[in-house]
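**Student:** Got a sequence here, can you model it:
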Amino acid sequence: MNKKIGIVSILFVLSILLAFQVSVAKSYNVENLSVKSQGVKNIIVLIGDGMGFSQVEITRLCYGHLNMEDMSYLGYELTDSLSGPVTDSAAAGTAIATGFKTYNGMISTIKIGDKVVNVTTLLELAKYSGKATGLVTTTRITHATPAVFASHVEDRDMEKEIARQLIEKRVNVLFGGGKREFDNNTLKLAEDIGYKVIYTKEELEDIDGKYVLGLFSDSHIPYVLDRNTDTVGLLDMTKKAIALLEKDPDGFFLMVEGGRIDHACHANDIASVVAETKEFDDVVGYCLDYARKNKNTLVIVLADHETGGLGIGIDYGDPIDEKVILDIKASTGKMAKEIRKGEDPRKVIKKYTGLDLTDEEVDRIKEAMNSGNKYALGNAVGEIISEKVGVRFISHKHTGTPVPILVYGPGEEYFRGFRHHIDTSKEIADMMLFGGERKVSIKGIGVIKGDANGDYRIDLDDAYITLNYYVGKITLNSDEKKLDMDNNGVIDYRDVAIIMEMAES
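**Tutor:** Below is the predicted model:
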């Protein structure tokens with residue numbers, strides 16, 4: 001009889017404990033989670049949009065040794081999305097930011113049947129752990145890559161909604177283009193929250209504050225080749241962002257995108273590819289120096305996908321004319337604009353490149369101008385110049401080839417080899433929260449919600465196991481649902497944060 005009473009008592013206690021844990025999980029205000037990071041203080045993610053191995057190599061041939069060559073570890077990043085082997089920046093960025101594959105065009109959201117579900121990002125996880133956060137880009141700040149880190153929409157073209165969400169998320173530093181996407185209501189919201197809003201290079205140099213919104217162009221920031229001395233560059237923005245963010249004693253999470261490498265590749269504009277990649281590499285060098293001086297800093301350099309299918313060289317023995325590439329003084333877009341206004345194609349190309357066009361090449365340009373496709377003229381100019389300097393692109397679109405990932409700092413050894421964006425994302429989260437490999441005992445998911453190792457208690461081991469074995473799960477079985485702490489149908493970084501907060505409370 002006593003034995004039966006004892007068993008009943010244990011079951012009763014367990015049922016109360018289970019109900020308590022579920023109640024605690026439901027009671028959390030998930031937007032105000034607070035967890036103590038056990039890992040790396042500063043995380044810097046540098047994304048060269050559209051930058052494959054060939055884009056790096058042609059830049060190295062033109063400029064010599066690159067800062068990227070000084071990174072400690074190299075890996076190969078796979079980029080496919082749920083839409084197929086060729087991703088777009090939205091799906092690739094979502095994979096990097098959240099650890100989930102999604103469909104092209106979706107911004108940190110996934111589909112479960114007909115339902116669209118938001119999935120938590122690395123930047124949001126960094127905020128949960130008390131870190132300052134920043135996004136920097138040469139595209140519109142509302143463009144796909146920066147958007148995936150601090151907004152959730154079903155369609156990447158919803159840029160005005162993305163603008164509002166970036167502000168509501170209270171990202172400390174937002175630097176890029178895209179002024180046109182911030183209407184008066186969003187700017188008023190920013191000012192009410194406490195953002196200082198700036199628009200010029202001079203204002204950038206002098207700015208200070210906890211929240212800063214820098215909108216330095218109506219749309220994208222001009223290509224390097226088309227800038228004047230008043231144009232804000234990627235290195236300018238990165239230096240200021242780090243100076244502002246490093247004041248936080250808990251560290252920071254910063255994503256910097258060389259966004260116009262991709263645009264140059266779409267246009268087959270080889271001179272702009274090199275100029276934009278070189279600017280990106282200058283940022284790599286600055287962040288690498290910062291990490292050497294600030295040892296608790298992890299720098300990850302990668303691309304979301306490759307664009308254009310760039311091939312270096314056209315035939316055996318054909319030289320690459322690096323000098324001509326470096327002497328080009330404008331983007332193909334600028335050249336096309338002048339031609340469209342009625343300027344002689346021969347004179348325009350000669351003025352900016354020093355190259356002479358054949359009659360056949362002039363005919364190609366005129367045919368493109370009359371095609372009705374707004375991109376055709378610039379694309380034709382890009383194709384002609386590329387062939388003349390010894391390179392060739394296979395398309396004006398993305399490709400499915402692997403891209404480089406290079407890493408320096410604590411935990412750098414965990415990022416080598418063949419991997420997918422979703423693996424890299426979870427590795428970054430692991431380094432941020434736990435600092436690397438953690439020895440845990442796994443007996444299977446327990447009866448208590450959040451107990452990932454079946455020991456009838458909630459501790460940091462459960463958060464670690466959930467992060468490394470279950471984040472990214474979309475179709476959950478009955479056991480896995482016990483790790484879906486906010487009951488939204490998936491296991492993501494927010495579930496990990498809830499378990500950590502439960503363990504720490």
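**Student:** Could you measure from the closest residue to residue 75 other than its chain neighbours over to residue 68?
**Tutor:** Counting by Cβ to Cβ, 6 or more residues apart in numbering, residue 75 lies nearest to residue 405, which is 4.4 Å off, once chain neighbours are set aside. Just so you know, the C-beta spots here come from the backbone N, C-alpha and C atoms, and that holds for glycine as well. Per Cβ to Cβ, to the nearest Å, residue 405 is found 11 Å from residue 68.
**Student:** Need the residues touching each of these two.
**Tutor:** residue 301 (Cβ atoms under 8 Å, 6 or more residues apart in numbering).
**Student:** mind checking pLDDT for the residue nearest to residue 75?
**Tutor:** Residue 405 carries a pLDDT value of 97.
**Student:** and it, helix, strand or coil?
**Tutor:** Three-state assignment for residue 405 (DSSP: H, G, I helix; E, B strand; the rest coil): strand.
**Student:** pretty sure it is touching residue 301, no?
**Tutor:** Yes. The criterion here is Cβ atoms under 8 Å, and residue 405 meets it with residue 301 at 7.0 Å.
**Student:** Might you list the low-confidence residue ranges for the chain?
**Tutor:** 1-31, 316-317 (pLDDT under 70).
**Student:** and with 50 instead?
**Tutor:** Low-confidence segments of the chain (pLDDT under 50): 1, 3, 5, 7-28.
**Student:** per-domain residue ranges of it.
**Tutor:** 42-311+396-433, 327-389, 442-505 (automatic domain parsing).
**Student:** Of those, which is nearest residue 318?
**Tutor:** Of all the domains of the chain, domain 327-389 sits nearest to residue 318, with 10.2 Å by Cβ to Cβ.
**Student:** Can you give me the first-to-last residue distance of that closest one?
**Tutor:** 11 Å (Cα to Cα, to the nearest Å).
**Student:** likewise stretch 178-189?
**Tutor:** Start-to-end, stretch 178-189 (Cα to Cα) is 17 Å.
**Student:** neighbouring contacts of it?
**Tutor:** Residues from elsewhere that reach stretch 178-189 (Cβ under 8 Å, 6+ apart): 139-143, 159-160, 162-164, 167-168, 190, 197, 199, 213, 215-220.
**Student:** so how far is it off the chain centroid?
**Tutor:** When distances are taken as Cα atoms, centre = their mean, to the nearest Å, stretch 178-189 is centred 22 Å away from the chain's centroid.
**Student:** Which of residue 405 and residue 301 has more residues huddled nearby?
**Tutor:** Ranked by neighbour count (other Cβ atoms under 10 Å), residue 405 and residue 301 place residue 301 first, with 28 against 23.
**Student:** so the more buried one bridges to which residues?
**Tutor:** Beta bridges link residue 301 to residue 46, residue 406, judged by DSSP bridges.
**Student:** wait, it sits on residue 70?
**Tutor:** No. Shown here, residue 301 and residue 70 do not form a contact pair, counting by Cβ under 8 Å, at 10.6 Å.
**Student:** burial measure for residue 343, as a count.
**Tutor:** 14.
**Student:** what about it, which SS state?
**Tutor:** Assigned by three-state DSSP, the conformation of residue 343 is coil.
**Student:** Roughly how far does it sit from residue 389?
**Tutor:** 22 Å.
**Student:** One more: residue 115?
**Tutor:** Residue 115 is 50 Å from residue 389, by Cβ to Cβ.
**Student:** Comparing these two, which residue is more hemmed in?
**Tutor:** Between residue 115 and residue 389, counted using other Cβ under 10 Å, the more crowded position is residue 389 (22 against 9).
**Student:** OK, contacts around the closest residue to that one other than its chain neighbours?
**Tutor:** Spatial nearest neighbour of residue 389, excluding adjacent residues (Cβ to Cβ, 6+ apart): residue 321 at 4.4 Å. Going by Cβ under 8 Å, 6+ apart, residue 321 touches 388, 389, 390.
**Student:** And residue 321, how far from residue 355?
**Tutor:** In terms of Cβ to Cβ, residue 321 sits 9 Å off from residue 355.
**Student:** just residue 364 next, same as before
**Tutor:** From residue 364 across to residue 355, the span is 14 Å (Cβ to Cβ).
**Student:** Check which helices and strands the host helix or strand of residue 55 sits against.
**Tutor:** Here residue 55 sits within helix 53-63, counting by DSSP states H and E. Judged by 3 or more Cβ pairs under 8 Å, 6 or more residues apart in numbering; DSSP states H and E, helix 53-63 is in contact with helix 270-293, strand 306-307, strand 310-312, helix 322-327, strand 403-408.
**Student:** Mind listing residues that contact that helix?
**Tutor:** Contacts of helix 53-63 (Cβ under 8 Å, 6+ apart): 48, 66, 68-69, 261, 265, 270, 273-274, 277-278, 281, 306, 310-312, 320, 322, 325-326, 391, 403-404.
**Student:** and the angle for that helix with strand 403-408?
**Tutor:** With axes from the mean of the first three to the mean of the last three Cα atoms, to 10 degrees applied, the angle from helix 53-63 to strand 403-408 works out at 60 degrees.
**Student:** how about helix 53-63: buried residues?
**Tutor:** 53, 54, 55, 56, 58, 59, 60, 62 (16 or more other Cβ atoms under 10 Å).
**Student:** again, but for stretch 462-480
**Tutor:** Here stretch 462-480 shows 462-474, 476, 480 as buried, counting by 16+ other Cβ under 10 Å.
**Student:** Then stretch 71-90?
**Tutor:** For stretch 71-90, by 16+ other Cβ under 10 Å, it's 71, 73, 75, 77-83, 86-90.
**Student:** As CSV, could you dump the C-alpha coordinates of stretch 336-346?
**Tutor:** Provided in CSV are the C-alpha atoms of stretch 336-346 (Å, rounded to 0.1, in the frame of the first residue of the first chain):
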residue,chain,number,x,y,z
ALA,A,336,23.9,53.2,-70.3
LYS,A,337,22.2,56.2,-68.9
GLU,A,338,24.3,58.6,-71.0
ILE,A,339,23.8,56.5,-74.1
ARG,A,340,20.1,56.4,-73.6
LYS,A,341,20.1,60.2,-73.4
GLY,A,342,21.4,60.3,-77.0
GLU,A,343,25.2,60.2,-76.5
ASP,A,344,27.3,58.4,-79.0
PRO,A,345,28.0,54.8,-77.6
ARG,A,346,31.6,54.9,-79.0
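**Student:** So what touches that stretch?
**Tutor:** Contacts for stretch 336-346 (Cβ under 8 Å, 6+ apart): 348, 356, 357, 362, 365, 366, 369, 377, 378, 381.
**Student:** And those, which is closest to residue 39?
**Tutor:** Nearest to residue 39 among the contacts of stretch 336-346, with distances taken as Cβ to Cβ, is residue 378, at 45.0 Å.
**Student:** what about residue 486, neighbour count?
**Tutor:** Residue 486: 17 surrounding residues under other Cβ under 10 Å.
**Student:** mind checking how far it is from residue 116?
**Tutor:** The value you get for residue 486 to residue 116, if Cβ to Cβ is used, is 16 Å.
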